[in-house]
Each structure stands twice: as C-alpha cells, then as structure tokens.
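> Below is the structure, and that's it, no one-letter string:
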C-alpha cells in the first residue's frame, strides 16, 4: 500500500523522485530508439524482407504444384513417359520454334 505524503520522510520522497526519474529516463530512451530513423528504416526493411520471403514461399509451392500437375500428365504412375501425350507436345514445341525462327529470318531481310 502506498504511503501518504504525511508519513514519508524527505529522504523517502527524494528516493521516490529518483526512482521515477530513472523510469522516465528509460522510457524516453526507449521512445527515442523507436522513433529514430535508423530503427524505422530497419523495421521497414525487416517487414519487406518478411513479405518477400512469404511471397516467394507461396510462389515456390504454387510452381511446385504446377510442375507436379504437368508431370502427372506426361508421366504415368510408374515414371514411364506417356507417349500419346509427349509426342504431340514435342511436335507442337518444334513447330512453334520453327515458326519463330522463320519469322526472325524474314524480319532480318
């Protein structure tokens, strides 16, 4: 229970004032650190890095899922290629590359 001002000695009052000043000084130091530009920039950088890591993690999981889905379409459960799907896809890729090559040659002339 707190003592009333009537029963405290001047030494107790001075000690209380000293303690309160120390607590106030610590609080002001903490506030100074929190509002310092380097602290604000550091906190902002940490938040950006965290968001980037989170975004990259989600992108990695999504890319892995897409690769697994595509692989499942071109490879059977035993790991053998599904030729009925691989050959048409390969022909399509060769055709697109060929058309791009022809288009590039025509532009150069």
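Noted; the coordinates are in hand. Note that the structure is predicted; figures quoted are calculated from it, not measured.

> Scan the helices and strands of this protein for the one with the lowest mean pLDDT.
Scoring the helices and strands of the chain by mean pLDDT, DSSP states H and E places helix 83-108 at the bottom, with a mean of 88.

> tell me what that helix is packed against?
If contacts are counted by 3 or more C-beta pairs under 8 Å, 6 or more residues apart in numbering; DSSP states H and E, helix 83-108 sits against helix 37-74. (Each C-beta comes from the backbone N, C-alpha and C, glycine too.)

> relative to helix 83-108, how tilted is the helix it packs on?
120 degrees (axes from the mean of the first three to the mean of the last three C-alpha atoms, to 10 degrees).

> any idea of the mean pLDDT for helix 37-74?
Averaged across helix 37-74, pLDDT comes to 92.

> before we move on, what about stretch 7-25?
Here stretch 7-25 scores 95 as its mean pLDDT.

> What are the contacting residues of stretch 26-33?
residue 39 (C-beta atoms under 8 Å, 6 or more residues apart in numbering).

> From residue 76, how far off is residue 64?
From residue 64 across to residue 76, the span is 20 Å (C-beta to C-beta, to the nearest Å).
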